[in-house]
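Asks: I'll drop the sequence and a predicted model, then ask my questions.
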Amino acid sequence: MDDEPLEEWAQRRDARRPAPGDHRAVPLGDRPERGGHVDPDAPRGMLEWDGHQWVPSGVADDHATAVDETGPQNAAERVPLPRFAALPPAPERPFRPTQVFRRRPDGTSPN
């Protein structure tokens, strides 16, 4: 990515960033930010993206109330999935292993 033009990089970055006016809810306190299923009854701070940073916009009693106020959290939809290359060629049919494998009469392998 060292040779990527600045304009393409900026377009990629802007596609991942939230739009101004987007909202999100975060747990209040010193704990790290986690999913909504972790401690759903804890109070949540509501944040709004102003185009440069997340700024506080309110407080909700719990996760359900915060989602009602801010709407569903859809940040994952903005992140593009990587393109996958073509699959490697399928082995010829019938597939034959490159090394001969035989079991001993007692059921163990010689290797």
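Replies: Yep, that arrived.
Asks: can you give me the mean pLDDT across the helix ranked longest in the chain?
Replies: Ranked by residue count under DSSP state H, the longest helix found in the chain is helix 6-16. The average of the pLDDT scores along helix 6-16 is 86.
Asks: Also stretch 45-64?
Replies: For stretch 45-64, the mean confidence score works out to 89.
Asks: Quick check: buried residues in that stretch?
Replies: 45, 46, 47, 48, 49, 54, 60, 63 (16 or more other Cβ atoms under 10 Å). (Glycine included, C-beta is placed from N, CA and C.)
Asks: Alpha carbons of that stretch, as CSV, please.
Replies: Listed in CSV are the C-alpha atoms of stretch 45-64, where the atom choice follows Å, rounded to 0.1, in the frame of the first residue of the first chain:
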residue,chain,number,x,y,z
GLY,A,45,-23.7,7.4,27.2
MET,A,46,-25.0,8.4,23.8
LEU,A,47,-22.5,9.9,21.4
GLU,A,48,-23.0,11.7,18.1
TRP,A,49,-20.4,11.9,15.3
ASP,A,50,-19.8,15.6,14.4
GLY,A,51,-17.6,14.8,11.4
HIS,A,52,-14.4,14.8,13.4
GLN,A,53,-15.0,13.2,16.7
TRP,A,54,-17.7,11.5,18.9
VAL,A,55,-19.3,14.1,21.2
PRO,A,56,-21.7,13.3,24.1
SER,A,57,-25.4,13.8,23.2
GLY,A,58,-27.2,12.2,26.1
VAL,A,59,-27.5,9.4,28.7
ALA,A,60,-29.8,6.4,28.6
ASP,A,61,-30.8,4.2,31.5
ASP,A,62,-29.9,0.9,29.8
HIS,A,63,-28.9,-0.6,26.5
ALA,A,64,-32.4,-1.1,25.2
